[in-house]
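Colleague: Let's see this in three dimensions:
(one chain, ligands or ions: 1)
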Amino acid sequence: MSAGRRCIATTEPRDGAVTILGGGIAGLACAIACALRGRDVTLVEQASALSEVGAGLQIAPNGGRVLDALGVTPRAVDNAAIHLVDGPTGRSVIRTPLGPGFRFVHRADLIAALAARAAAAGVTVRLDTKVETVERGGRALRLSDGGTLAADRLVGADGVRGAARAFVAPDHRPAFTGQVAWRAVVPVADWPREARIHAGPGRHLLCYPLRDGTALNLVAVEERDAWVADGWSRSDTPDALRRAFAGFANPVPELLARVRRVHLWGLMDHGATPRWHRGACTLIGDAAHPTLPFLAQGANLALEDAWTLAASLDDPAAWERVRRPRVARALGAARGNARNYHLSGLRRWAAHTALRGLDRLRPAALGESYRWLHDHDVTRP
Ligand SMILES: Cc1cc2nc3c(=O)[nH]c(=O)nc-3n(C[C@H](O)[C@H](O)[C@H](O)COP(=O)(O)OP(=O)(O)OC[C@H]3O[C@@H](n4cnc5c(N)ncnc54)[C@H](O)[C@@H]3O)c2cc1C
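Modeller: Numbers count the residues shown, from 1 in each chain. Model (predicted):
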């Protein structure tokens, strides 16, 4: 990977060369996949270093297969189960064992592993290069320093607020879901190798271990009427988080007492944009279909996009036709989980009673209902 700080005007790119806008999980994975197919690849990223906001990420087998095919092996903790706990009482509701291939990774570790693999595959990375607009049918990137970068094929992996998305779907606006999410990491002595969801009326707290198991990733979600923020994420006070979960039983208060720094996100439901390609530009990852975090699939779907688009760069319309139904099903399932976690009153009692029964009889059944999602292997022809 050759990293340049600035790129002013350039000559026309080679035929078939690929320009990737955005150095997140989607962009880096697609850059590697294209390079492995012999393409000349340039990746453009506004940040001065390849890095990630937030700490944890759950990788499911469908995304993990893409990482394997790319030759990317981030440091990871195996995820043995999804464990639903009643937040207010602390009583276990259902523990669904998972098969192999479910992992927890630190985002920084994943980005570092992807960046190293991109380097080995010969991807050119241009850091510190902010794209203002995509122009000329997706064949030109107007840069914030006034320069222009020409593109033959452009992959828009610049996320929900990116220039590629503005070019392909300019009228598509996000809607606030009525939910905000805090993200924090706290130290723990030891923690089961499972994702634990402490669910209560109108809120839930997800926790899982990272790295050597001495750090616990927390994602706490609360329903709210309004979201007023100047940006996509902002710092919040640990006390605000603690207050929101004051009615929960231990270990939640104990864990939240350890929070020193916390970020707050307004969760926006963008849905999939009505189109994913225009001219020479095709969107992948969050730029195409930001996914609510309640199914832990945004990055996994981004990895699937990256692999499949690299194989179909010459026919993005056909690629979109095949991808859309699967992505739409995953987005719908994520929305459904949001409702199920936050039930209250009688509906909550009925749901937890039914799940406790399932836990005694066949706890794996819940996981099996997602086989359509996790067993899918985009790396097999
Ligand atoms: C609370 C929370 C928890 C989540 N947990 C999970 C999980 O467990 N599992 C999972 O699979 N997914 C999860 N997700 C979703 C996942 O984080 C995203 O789907 C994924 O990171 C999207 O990657 P991306 O590369 O498409 O976009 P991004 O990560 O947004 O990357 C876009 C890149 O483009 C760059 N860029 C943007 N604009 C420009 C510009 N104009 N010029 C140049 N560069 C630009 C940005 O700097 C950035 O590097 C979670 C999300 C949230 C909010």
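
Colleague: ok, Thr148 to the ligand distance?
Modeller: To the ligand, Thr148 is 14 Å away according to Cβ to the nearest ligand atom, to the nearest Å. Yep, even glycine has a C-beta here, placed from its N, CA and C like the rest.

Colleague: I figured that residue hits Val134, correct?
Modeller: No. With contacts counted by Cβ atoms under 8 Å, Thr148 stays clear of Val134, the gap being 11.0 Å.

Colleague: Overlap in contacts, those two.
Modeller: Listed as contacting both Thr148 and Val134 by Cβ atoms under 8 Å, 6 or more residues apart in numbering are Ala140, Leu141, Arg142.

Colleague: Drop anything exposed from those.
Modeller: In the shared contacts of Thr148 and Val134, burial by neighbour count holds for Ala140, Leu141, Arg142, counting by 16 or more other Cβ atoms under 10 Å.

Colleague: Just the CA atoms from the helix or strand harbouring Gly357 would do, formatted as CSV, please.
Modeller: Per DSSP states H and E, Gly357 falls inside helix 345-361. Extracted in CSV, the C-alpha atoms of helix 345-361 (Å, rounded to 0.1, in the frame of the first residue of the first chain):
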residue,chain,number,x,y,z
GLY,A,345,-46.1,-4.9,30.5
LEU,A,346,-48.0,-8.0,29.5
ARG,A,347,-46.4,-8.5,26.1
ARG,A,348,-43.0,-8.6,27.8
TRP,A,349,-44.2,-11.1,30.4
ALA,A,350,-45.7,-13.3,27.7
ALA,A,351,-42.6,-13.1,25.4
HIS,A,352,-40.2,-13.9,28.2
THR,A,353,-42.4,-16.8,29.5
ALA,A,354,-42.4,-18.3,26.0
LEU,A,355,-38.7,-17.8,25.6
ARG,A,356,-38.0,-19.5,29.0
GLY,A,357,-40.0,-22.5,27.8
LEU,A,358,-37.9,-22.6,24.6
ASP,A,359,-34.7,-22.3,26.7
ARG,A,360,-35.7,-25.5,28.5
LEU,A,361,-36.7,-27.4,25.4
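
Colleague: Downstream of that helix, the next helix or strand is which one?
Modeller: Going down the chain from helix 345-361, the next helix or strand is helix 365-368, by DSSP H and E.

Colleague: Give me the number of neighbouring residues for Ser72.
Modeller: Check again: residue 72 is Val, not Ser. Val72 sits with 20 neighbouring residues when counted by other Cβ atoms under 10 Å.

Colleague: Please give the element, helix or strand, for it.
Modeller: Secondary-structure assignment from DSSP H and E places Val72 in no helical or strand segment.

Colleague: And the pLDDT for the nearest residue to Val155 once chain neighbours are set aside?
Modeller: Excluding the flanking residues, the one nearest Val155 by Cβ to Cβ, 6 or more residues apart in numbering is Ile20, at 4.6 Å. Ile20 is assigned 98 on the pLDDT scale.
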